[in-house]
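J.: can't give you the sequence, but here's the structure:
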């Protein structure tokens with residue numbers, strides 16, 4: 001297989017991988033609240049399956065993918081099973097039936113995020129130069145999914161939601177998942193890299209051996225701040241689409257793709273910020289953007305204040321890139337060769353696992369508390385709380401974290 005053919009295959013893989021995620025996860029809260037009358041607490045449980053998947057994923061990768069089977073084959077099998085579970089989700093009418101399917105799906109999906117990276121990195125001749133050009137197709141896939149839902153089929157319109165058509169997002173995703181499952185078997189062979197005869201400890205599998213890095217005071221501050229800032233982050237994933245839909249913003253899912261578009265733009269600007277302002281200020285920019293975003297959501301509306309909502313969505317690039325991506329770079333700089341992989345796994349476990357698990361629970365409790373007798377929400381109160389929490393984490397981090405100079409080489 002020539003290099004051009006490999007690049008095309010990897011790009012298609014990334015496109016479908018994130019088209020699948022963006023094709024149902026963004027509108028999940030809206031679907032659950034309107035199609036099967038789930039409570040805010042139940043919606044929080046559904047979103048929390050992402051965190052449980054992130055916590056369980058290292059076991060699947062460390063115990064199975066790295067030792068016994070080709071990565072591309074496991075990727076194919078997981079997506080084929082995922083297609084079945086996604087179809088079953090579309091067919092359910094009550095939360096009790098829905099929850100086991102979404103839990104099973106996320107336990108299978110979260111490991112595929114590592115698997116697509118593994119296939120890509122081990123196939124490329126020069127990952128430092130090639131990976132970003134292929135990974136961007138994942139962001140494009142997420143964007144396309146949102147645009148299709150809003151502007152091609154209008155499944156998130158008020159009329160379509162009332163007719164129950166939002167469940168079509170699951171059918172669409174099931175088809176895409178089945179396609180990626182079959183396509184995965186055509187990807188370059190990616191055999192196991194770990195000698196299965198050598199036993200790995202649970203600490204090594206979960207990346208817990210990298211906990212030694214917390215002995216460094218600055219890294220400890222960053223580590224615990226990462227967990228804390230993921231608590232308000234969960235409010236966005238869980239509440240943004242139901243919020244926009246409930247207040248009457250047209251084509252809400254399509255408009256939310258502004259966040260991924262800005263993600264691409266600020267990814268390009270990130271090296272400039274790291275070089276000019278250093279790691280501390282870059283991380284602080286990301287934290288401050290979270291607080292500002294939620295303030296904009298609190299006081300914006302679907303009429304004259306819609307610009308505030310769109311600006312809040314567009315801040316996603318700063319929120320994600322300036323904290324999470326720069327945080328991955330910082331973690332890589334602090335970890336020696338022995339801990340590079342395990343340190344990244346540890347941060348993922350702490351953020352998408354522990355931090356967002358707490359965040360989804362909190363978002364569900366707070367949303368339920370501010371639900372009116374008519375079933376609507378007092379959104380201003382709901383958004384002000386994560387805004388205040390983000391601001392508090394920002395202040396604590398600014399006071400305790402000492403600025404460092406890290407070497408960052410632009411790919």
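T.: Okay, I see it. Here the structure is a predicted model, which is why all the values come from computation and not from measurement. Numbers count the residues shown, from 1 in each chain.

J.: Buried residues in the helix or strand encompassing residue 239, which are they?
T.: Secondary structure from DSSP states H and E places residue 239 in helix 217-246. Neighbour counts over helix 217-246 (16 or more other C-beta atoms under 10 Å) mark 218-219, 221-246 as buried. Glycine gets a C-beta too; all of them are placed from N, C-alpha and C.

J.: after it comes which helix or strand?
T.: Following helix 217-246 in sequence, per DSSP H and E, is helix 252-255.

J.: list the helices and strands whatever helix or strand comes next after that next one packs on?
T.: Per DSSP H and E, the first helix or strand lying C-terminal to helix 252-255 is helix 258-299. In this structure, helix 258-299 packs against helix 127-147, helix 217-246, helix 306-314, helix 316-320, helix 326-334, helix 379-400, with contacts taken as 3 or more C-beta pairs under 8 Å, 6 or more residues apart in numbering; DSSP states H and E.

J.: Mean pLDDT lowest where, among the ones you listed?
T.: Note on the helices and strands packed on helix 258-299: helix 326-334 shows the lowest mean pLDDT, a mean of 81.

J.: how much does that helix deviate in direction from helix 217-246?
T.: Helix 326-334 runs at 160 degrees relative to helix 217-246, counting by axes from the mean of the first three to the mean of the last three C-alpha atoms, to 10 degrees.

J.: just how off-centre is helix 326-334 within its chain?
T.: Helix 326-334 has its average C-alpha position 18 Å from the chain's average C-alpha position, going by C-alpha atoms, centre = their mean, to the nearest Å.

J.: Break the protein down into its structural domains.
T.: For the chain, automatic domain parsing gives the domain ranges 1-194, 201-411.

J.: Output the lowest mean pLDDT helix or strand found in the protein.
T.: Least confident helix or strand of the chain, by mean pLDDT, DSSP states H and E, is helix 202-206 with a mean of 63.

J.: low-scoring stretches of this protein, by residue?
T.: Applying pLDDT under 70 to the chain flags the ranges 1, 61-63, 65-67, 127-129, 193-209, 336-342, 344, 406-411.

J.: hmm, try it at 80
T.: 1-3, 58-68, 121, 124-132, 192-211, 328-329, 332-333, 335-346, 348, 405-411 (pLDDT under 80).

J.: center of it, which residue is that?
T.: Central residue of the chain (C-alpha atoms, centre = their mean): residue 352, 7.7 Å from the mean position.

J.: My read is that that residue contacts residue 51, right?
T.: Yes - taking contacts as C-beta atoms under 8 Å, residue 352 lies within contact range of residue 51: 6.3 Å.

J.: From residue 377, how far off is residue 39?
T.: 12 Å (C-beta to C-beta, to the nearest Å).

J.: and the two? which has more neighbours close in?
T.: Shown here are residue 39 and residue 377; by other C-beta atoms under 10 Å, residue 377 has more neighbours (23 against 15).

J.: The more buried one and residue 363, how far apart?
T.: Distance, residue 377 to residue 363, by C-beta to C-beta: 11 Å.

J.: cool, and residue 57?
T.: Computed as C-beta to C-beta, the residue 57 to residue 363 distance reads 22 Å.

J.: ditto for residue 292
T.: For residue 292 relative to residue 363 (C-beta to C-beta), the value is 19 Å.

J.: List the residues that contact residue 44.
T.: Neighbour list for residue 44: 238, 360, 361, 363, 364, 365, 367 [criterion: C-beta atoms under 8 Å, 6 or more residues apart in numbering].

J.: swap in residue 372?
T.: By C-beta under 8 Å, 6+ apart, residue 372 lies in contact with residue 378.

J.: where does it fall, phi/psi-wise?
T.: Backbone torsions for residue 372, taken as degrees, to the nearest 10, come to phi -80, psi 170.

J.: Residue 272 versus that one, what's the distance?
T.: Distance of residue 372 to residue 272, computed by C-beta to C-beta: 46 Å.

J.: repeat for residue 86
T.: According to C-beta to C-beta, residue 86 stands 40 Å off from residue 272.

J.: same question, residue 238
T.: Distance from residue 238 to residue 272, by C-beta to C-beta: 32 Å.

J.: What segments of the stretch 51-200 of the chain are strands?
T.: Using DSSP state E, counting those that start in this stretch, the stretch 51-200 of the chain contains no strands.
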